[in-house]
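*Asks:* Take this sequence and fold it.
(chains A and B)
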Number of protein chains: 2
Amino acid sequence: MVYVGIDVGGTGIKVGITDETGAILNQGEVPTLVGRPYPEIIRDMGQCMLAVLRESGYQERDVGSIGVGIPGAADNRNGKVIFCTNMGWSNVPLRDELQKYLNKPVYIGNDATLAGFAESLCCVSAGCHSSVFMTLGTGVGSGIVIDGKPWDGFHSVGGELGHIPMDIGGEPCSCGNHGCLERYCSATAVIRMGRQAMQLHPESMIHELCGGDPEKLNAKMVFDAAKEGDDVAMKIFHRYVDYMCKAVYIIIAFLDPEMIVLGGGISKAGSFLLDAIRARIPRYLLFKTLPYSRVEIAKLGAQAGMIGAAMLGKQSMEEAKV
Amino acid sequence: MVYVGIDVGGTGIKVGITDETGAILNQGEVPTLVGRPYPEIIRDMGQCMLAVLRESGYQERDVGSIGVGIPGAADNRNGKVIFCTNMGWSNVPLRDELQKYLNKPVYIGNDATLAGFAESLCCVSAGCHSSVFMTLGTGVGSGIVIDGKPWDGFHSVGGELGHIPMDIGGEPCSCGNHGCLERYCSATAVIRMGRQAMQLHPESMIHELCGGDPEKLNAKMVFDAAKEGDDVAMKIFHRYVDYMCKAVYIIIAFLDPEMIVLGGGISKAGSFLLDAIRARIPRYLLFKTLPYSRVEIAKLGAQAGMIGAAMLGKQSMEEAKV
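*Replies:* Numbers count the residues shown, from 1 in each chain, chains lettered A, B, ... in the order given. Predicted structure coming up:
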């Protein structure tokens, strides 16, 4: 039996065929071209799925289920996308629409939740009692896994750690609130701090790395300058690490999972970032002498969404059988 | 079969005998007298338990299990109190010690977690898929219930919502951090705001209600003045409600439980507080048009801890049998 895993993004739709352990057997991608009516987007998704399946050498009868991760809130009970800002989708019958192309059970979930689920099934947090995954990118997404199952809450709107208020009256957020966690822990936050520093510190290496153009600055450049010992960049890095430790501590104080997994673009900084976060967490702990959640860097990268979606399908189908 | 539920507090130890539904059949209390060696405190606990059982008309053979809630971190796997600041306890073998008085299975948990568990079993959040309970008192405790089971995390240090950082660089907290949630959402926070207002506003009714002595001020007085239409008190009340909405929103964005239950002294303000919180939550929601966690006032009051402890025992024993 093989499983289809689809990861819907604002730019592209990734489609993978996996085996029962989540290993990818074949994959493909189509552009999302946001703005089109949803039946068109789902038609492209469906045709890509059939092509990727055909190329893999498997037949339609070999497919156990189809799982789809979307960047928004999804209701896995009725197979509808509840809300998806980037796509402009609201109440879209994704299951019904996709079954027109391949009539198999379709299950859907939030993309960050499914990426965390993938890590917990076959990668860094495998076998964990519980884990919280954070994608540190343009924003901050998150995925909670409890007792081996993805957790998205009662109304499918949980695991939105990026919008937890962390600083009353702090930085304004696109959601309309102030001081949301993603204003401090995203790549966007690093860039914001980097641009502010460029204005004040013409001597910083950051200028050189982005060719003097603040618009070209990215988080990697700031971290690279910090690695090279640039004082200004190092200060930004330490400030970022401090914010991240507070975010990690929110997760510990709330849920106390076995593991906290850091993914997304920022996590490519690897041990440079991880070691600094690990060293600083203890100062925030309530119970200083007790063990606490292990923090690790995600390993699956861009395939995590597809794998998690495929495995959501497999798990949901097995549960439906019981 | 009956169940013993014990709620250990810094001042008193409450002992109850419940039936299988958690209804209390008989109860008693002994002073804790903190500072004594733990075997003495547990001896008083054990003797009180035997007395309460005897008075109830039941025999030792009728007791299914003993559950104990403690104001700290407890490991229900080995029956030890990991850490309990108020009692000065660390690594105390509560199960072994208590079994000297009544040789039955002993299970232990955090008191706020068990109070929330009690509400979820037989009261306001009964039958809920998931709930988060907050005790709004001197500090802020909390209890998470997921799929009908109390959740205290992998290292038994979860559900400490009172110490979630809510304001970077905000009010200093006794835990050593700044801006912890309980600095804004506890009765202590209301009193702090009330005292500050007394200095600036000699005309406020708050002066009258505490006899002009800020040391005698409590949260109820501030809320009572607000109910009477005192402008200064009303401002404090609205500020408190706003903090509470942010705290409630942290719970929604993180876990999205079916219900959030408010307990503790502050919750006695009832619908005056509840209606104001409910009216203000929507402005913080990420998904403005979607359903979200219901907020309710706890109903079990001071007996919640005993009931939750007794039912933890019953549930843990049933699981051990499976």
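
*Asks:* element containing whatever residue of the stretch 201-322 of chain A ends up closest to chain B, please.
*Replies:* Across the stretch 201-322 of chain A, the shortest distance to chain B (Cβ to the nearest Cβ) belongs to A:Asp256, at 2.4 Å. Every residue, glycine included, has its C-beta placed from N, CA and C. Using DSSP states H and E, A:Asp256 is not contained in any helix or strand.

*Asks:* Does it touch A:Tyr292 like I think?
*Replies:* Yes - contact criterion Cβ atoms under 8 Å: A:Asp256 and A:Tyr292 qualify, at 7.4 Å.

*Asks:* list the residues that contact both of those two?
*Replies:* B:His155, B:Val157 (Cβ atoms under 8 Å, 6 or more residues apart in numbering or on different chains).

*Asks:* could you pull out the helices for chain A?
*Replies:* Per DSSP state H, chain A carries helices over the ranges A:38-56, A:94-98, A:111-122, A:182-185, A:187-200, A:205-209, A:219-227, A:231-254, A:271-280, A:304-321.

*Asks:* List the backbone torsions phi and psi for A:Gly10.
*Replies:* Main-chain dihedrals, A:Gly10, degrees, to the nearest 10: phi -70, psi -30.

*Asks:* ok, now which ones touch it?
*Replies:* Applying Cβ under 8 Å, 6+ apart, the residues near A:Gly10 are A:Thr32, A:Val34, A:Pro71, A:Asn86, A:Met87.

*Asks:* show me what contacts the closest residue in space to A:Ile251 that isn't next to it in sequence?
*Replies:* Nearest residue to A:Ile251 in three dimensions, chain neighbours excluded: A:Val132, at 5.0 Å (Cβ to Cβ, 6 or more residues apart in numbering or on different chains). Going by Cβ under 8 Å, 6+ apart, A:Val132 touches A:116, A:142-145, A:161, A:251, A:255, A:257, A:259-261, A:293.

*Asks:* which of those are buried?
*Replies:* Among the contacts of A:Val132, those that count as buried by neighbour count (16 or more other Cβ atoms under 10 Å in any protein chain shown) are A:116, A:142-145, A:161, A:251, A:255, A:257, A:259-261, A:293.

*Asks:* Serialize those to TSV and add fields for pLDDT.
*Replies:* Shown next, in TSV, are those (pLDDT from 0 to 100):
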residue	pLDDT
A:Gly116	96
A:Ser142	96
A:Gly143	96
A:Ile144	97
A:Val145	96
A:Leu161	96
A:Ile251	98
A:Leu255	98
A:Pro257	98
A:Met259	97
A:Ile260	98
A:Val261	97
A:Ser293	97
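
*Asks:* for chain A, which residue is closest to the average position?
*Replies:* By Cα atoms, centre = their mean, the mean C-alpha position of chain A lies nearest to A:Ala112, the distance being 3.4 Å.

*Asks:* Surely that one touches A:Gly159?
*Replies:* Yes - A:Ala112 is in contact with A:Gly159 according to Cβ under 8 Å; the separation is 6.8 Å.

*Asks:* Now for the two: what residues contact both?
*Replies:* With Cβ under 8 Å, 6+ apart as the test, A:Ala112 and A:Gly159 both reach A:Gly141, A:Ser142, A:Gly143.

*Asks:* My guess is the first one contacts A:Asp152. True?
*Replies:* The one in question is A:Gly141. No - counting by Cβ under 8 Å, A:Gly141 does not reach A:Asp152; the two are 11.8 Å apart.

*Asks:* Can you pull the residues that touch both of these two?
*Replies:* A:Asn110, A:Gly159.

*Asks:* so who does the residue nearest to the centre of chain A touch?
*Replies:* Contacts of A:Ala112 (Cβ under 8 Å, 6+ apart): A:Pro71, A:Phe133, A:Thr135, A:Gly141, A:Ser142, A:Gly143, A:Gly159.

*Asks:* Based on its surroundings, how many neighbours for the third one?
*Replies:* When neighbours are defined as other Cβ atoms under 10 Å in any protein chain shown, A:Thr135 has 27 of them.

*Asks:* Okay, and the beta partners of it?
*Replies:* When assigned by DSSP bridges, A:Thr135 has beta-bridge partners A:Gly141, A:Gly263.

*Asks:* Which pLDDT value does the model give it?
*Replies:* If you check A:Thr135, the pLDDT there is 95.

*Asks:* my read: it touches A:Glu160, true?
*Replies:* No - taking contacts as Cβ under 8 Å, A:Thr135 lies outside contact range of A:Glu160: 11.9 Å.

*Asks:* Overlap of the contact sets of the two?
*Replies:* Contacts common to A:Thr135 and A:Glu160, judged by Cβ under 8 Å, 6+ apart, are A:Ser142.
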